[in-house]
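Visitor: quick one: sequence plus predicted model below, questions after.
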Amino acid sequence: NNKKKKHGEVIIVNLQSNFIRYKDVDAKLVLAADVSKEIAYIKAIERQNSRLREIAWTQSHIVRAPLARIMGLIYVLDGNIVSETDREDCIKHIYSSALELDEVIRSIVDKAKNEEIN
């Protein structure tokens, strides 16, 4: 429940109430506990978890593409059945895939560093 304090600040409260008898009058005792900080903390954790899930997805999907290419090209080269021209092309593709992989890893590290700062 959102409530407004005397000076106008809106806070989130957890309300609990009980009926009591006070001086022969039926009354309702209400306790309003400010949970604004707890809710803000939970939302911050949820945002952080969302960003960390994005980093994990990147690691498991985007990193795999250049790595799979590198592994496949090394397999081809290891077979020693390619011409010198094809061998040079394979090495160029391995190099470009390694650069791509390096860029992806740097991006992941940067995102992770930003999470540490936040």
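Guide: Everything's here; your move.

Visitor: mind checking how far the longest strand anywhere in the chain is from the chain centre?
Guide: Ranked by residue count, the top strand of the chain under DSSP state E comes out as strand 10-22. On the basis of Cα atoms, centre = their mean, to the nearest Å, strand 10-22 sits 36 Å off its chain's mean C-alpha point.

Visitor: now do that strand, average pLDDT.
Guide: Mean pLDDT, computed over strand 10-22, is 92.

Visitor: which parts of that strand are buried?
Guide: By 16 or more other Cβ atoms under 10 Å, the buried positions in strand 10-22 come out as Ile11. (C-beta placed from N, C-alpha, C; glycine too.)

Visitor: other SSEs contacting that strand?
Guide: strand 2-4, strand 25-34, helix 36-57 (3 or more Cβ pairs under 8 Å, 6 or more residues apart in numbering; DSSP states H and E).

Visitor: quick one: which of the ones you listed has the weakest pLDDT on average?
Guide: For the helices and strands packed on strand 10-22, where the average pLDDT is lowest is strand 2-4, sitting at a mean of 78.

Visitor: just checking: what are the partner strands of the longest strand of the chain?
Guide: Partner strands and pairing direction for strand 10-22 (DSSP bridges) are strand 2-4 (antiparallel), strand 25-34 (antiparallel).

Visitor: since that was my last question, I'll sign off now.
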